[in-house]
Each structure stands twice: as structure tokens, then as C-alpha cells.
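Colleague: Got a sequence here, can you model it:
(chains A, B, C and D)
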Number of protein chains: 2
Amino acid sequence: MQQLRQLPKPERQRLIASVVTRRRVGSQHELQGALRSAGCEVTQATISRDIRELGLEKTRDVLGRPRYVLPDRGSRSDPRESLRAVLAQFGLRAVQAQNIVVVQSELGSAPAIARALDRIEHAKVIGTLAGDDTCLVITSGPTEAKSVAAELGAAMH
Amino acid sequence: MQQLRQLPKPERQRLIASVVTRRRVGSQHELQGALRSAGCEVTQATISRDIRELGLEKTRDVLGRPRYVLPDRGSRSDPRESLRAVLAQFGLRAVQAQNIVVVQSELGSAPAIARALDRIEHAKVIGTLAGDDTCLVITSGPTEAKSVAAELGAAMH
DNA sequence: ATACGGCGAGAATAACTATTCAGGTTTCAA
DNA sequence: TTGAAACCTGAATAGTTATTCTCGCCGTAT
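Modeller: Residues are numbered from 1 along each chain as shown, chains lettered A, B, ... in the order given. From the prediction side, this is the model:
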């Protein structure tokens, strides 16, 4: 397939974000048109992938017409809040054993939990290791592990 | 078409809202299943309409899976905020003439503006009348009209 | 240089959602 | 009661979005 002189992906995605905040875009086809008139020719498939990567949401405007919007920059940018969110949604239990905490979660969600934990740069956490439904949290010692387990468990409700 | 013993619509919609807040629902088909197992058999078409009427939004959860959610009950419930939102999005200009204010807006948005104005029960506003792209705001006198025009105009830009 | 591996993209298609159409119900006024 | 109108719904279908499959374009290692 010919690649041939295209706007690089990051730049295209910035363009999408910009277009979408400037005016209402109600479908990927419409967005495709907007990009084209900005000199960027891509297919709907690519736009679909960009939209997912940008985390755009499709809501409706005041008149009930569909519209893509950037996600709220309110909570998602706070790593503590996003950890709380994953745990609340997928966490099952957190038990301590020696210097590690075993976090059980819904199938597939462990990597997300590990990522959220990493981003938080918790002082007591040395590192994480995620499987599919289990996330290992390594701390320096049993005391720290106990405290972290309690902290995580509390967020699970 | 046989109507025959169905859950009334408002009740079905409450059920949908409840299901959707309780667990992740990623498609209308999935929701249809959930409703069925709650003893409510409807088609996808009906669910699509309910979702629109409930104002549900389709976002993604922490793992990137699609999920329907109820809209934020933050701003949409405050009529002042929703007026500000319509004006910001669709308002073009507001000019005063005698005791009325003529609000020009994007095609189709005038009724939304009028509705928002009505809900606000502004002391200086006696009534509104909306066409497609024009909304007339009636006040008791020129002074009030002038003040209202300024207020509305400020919310636009 | 050649081979391998990953990434990004388009084409085709599957999956999903909205709308149109037609028929049944209910409400209300005459 | 009897139309008439508004409403609600399912079936079919149109429209929209996500995914699969395949391939080209680099890096990097052999």
C-alpha cells in the first residue's frame, strides 16, 4: 500500500482534536470531510481508530444532534482519581502477603490497575506486575504492604 | 400490531437507567438482553429511542470498552447554565427594539433558546416566541429589554 | 544486503445504531 | 359513539462505526 506523503499520525490527531472543539462534528464521515478540506485525506477506518485513541466521546448537543467531544479534563487527568475509578469498577479484593499485595480484579482489568498504580508513584510501592485478573504490588516490607492493601481495599467499596 | 401487556414506557426507561448505572452495558443488544431477563421484551429500535430520550451517552470505561452512562447531572440541571450553553453554542446576536429583544441564532436553535429562557423565569422577561433562527423576547419596557439584550449578548461570544 | 517485526493505513466487511414505515392504542372533542 | 390526532411500537432498512485482513514502510539484527 502506498504511504506516500501523509500527515503524520500525531499531527492528524491534533488536527482532529482541534476541529472537534471548534465546531460540531456529528459523524466520522463529516469529520473526514473536514480533514480533507484541511488537506488530510484518510479513510473512515483511520478516523475511527483516531477517535478511539483520542478518547473522544459521542454525545449530543443542546438540540439533540450528535457531536463528538473531547473527554472531560476534570478527573481523568488526576492519577489518584483514575486509580480510585478502576478499583471501584473492577477491584475485587487486595490481600497482603509479606512485602507484596495481591490485587484480584475482574478479568482483563489488572493491567489497567497496574498502570494506574504506576502513574501515581506511590511512595510505598516499588513496582507492579499484572496478569489478566491479578495485579501484584511490590512494596519494601510487610508494614508498607499492609498499609497499601488497606488503602487499595478501601477504594473498592 | 399487538401491544398486549407491556411494561409502560416510563417504567421501562427507569429500568434502563437503573440497569445502566448498576453495570456496564456496551451495546443496545446487550441492554435488550438485560431487559429481557428483567421480564421486559422490546426491540432494539425501542431501546434506541429510549436511550435518546434518556439522554444516555456512550463513552468507554477504564479499559476502553464501550459503556452507556447517564449524563452528568451537574450542569444540565441548572437552567441558567443550560441557557448559557445554548447561547454560547448557537447565539449570534441579541438586539433590543422597544420592549423586545431579537435574538438571532443558528438555524433551528431558536426554540431551544426560547425553552431555556422560559425555564429560567427571568424577572424581566414576560414571554418568548421562537421561529427557526430567531427568538423574540418580550419584556415590560425598553429599559428591561436593553438590560436583557446585554445579558444575553454577553453569554454568546 | 536480507530477513524479521512492528506499526500504520486502506479496503472490505461485520457490528451496531437510528430512522422510516405501517399498524395498533389511547385520548379527546364533537 | 365516532372520528381524528397523538403516541407507541416492531419490522425492515438505512446509516454509522468498529474490526479484520492485508500490505507497505521503516527499524534493527543477522
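Colleague: Every contact and neighbour count from this point should use C-alpha atoms.
Modeller: Will do.
Colleague: In contact with A:R60: list those residues for me.
Modeller: With contacts taken as CA atoms under 8 Å, 6 or more residues apart in numbering or on different chains, A:R60 has the following neighbours: A:66-68.
Colleague: Return a PyMOL selection command for the buried portion of these.
Modeller: Selection of buried members from the contacts of A:R60 for PyMOL, criterion 16 or more other CA atoms under 10 Å in any protein chain shown:
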select buried, chain A and resi 67+68
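Colleague: can you put the contacts of A:R60 in CSV and add pLDDT, secondary structure and distance to chain B?
Modeller: As requested, the contacts of A:R60 are arranged in CSV below (pLDDT from 0 to 100; DSSP: H, G, I helix; E, B strand; the rest coil; distance: CA to the nearest CA, whole Å):
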residue, pLDDT, secondary structure, distance to chain B
A:P66, 92, strand, 10
A:R67, 94, strand, 11
A:Y68, 94, strand, 11
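Colleague: residue ranges with poor pLDDT in chain A?
Modeller: Low-confidence segments of chain A, defined by pLDDT under 70, span residues A:1-6, A:73-77.
Colleague: how does it look with 80?
Modeller: Low-confidence regions of chain A, defined by pLDDT under 80, span residues A:1-7, A:62, A:72-78, A:107-108, A:157.
Colleague: circling back to that earlier point, in a markdown table: the contacts of A:R60, plus distance to A:S18.
Modeller: Below are the contacts of A:R60 laid out as a markdown table (distance: CA to CA, whole Å):
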| residue | distance to A:S18 |
| --- | --- |
| A:P66 | 17 |
| A:R67 | 14 |
| A:Y68 | 12 |
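Colleague: Looks to me like A:G127 is in a helix.
Modeller: No - the assignment for A:G127 by DSSP: H, G, I helix; E, B strand; the rest coil gives strand, which leaves it out of any helix.
Colleague: quick one: secondary structure of the residue nearest to it when sequence neighbours are not counted?
Modeller: Sequence neighbours aside, A:I138 is the residue nearest to A:G127 in space, at 5.2 Å (criterion: CA to CA, 6 or more residues apart in numbering or on different chains). Reducing the assignment to helix, strand or coil with three-state DSSP, the entry for A:I138 is strand.
Colleague: Return the distance of A:I138 relative to chain B.
Modeller: Here the distance between A:I138 and chain B works out to 23 Å (CA to the nearest CA, to the nearest Å).
Colleague: what number of residues lie near that residue?
Modeller: Using other CA atoms under 10 Å in any protein chain shown, A:I138 has 22 neighbouring residues.
Colleague: Contact partners for it?
Modeller: Taking CA under 8 Å, 6+ apart as the definition of contact, the neighbours of A:I138 are A:99-101, A:125-128, A:145.
Colleague: and with 6 Å instead?
Modeller: A:100, A:125-128 (CA atoms under 6 Å, 6 or more residues apart in numbering or on different chains).
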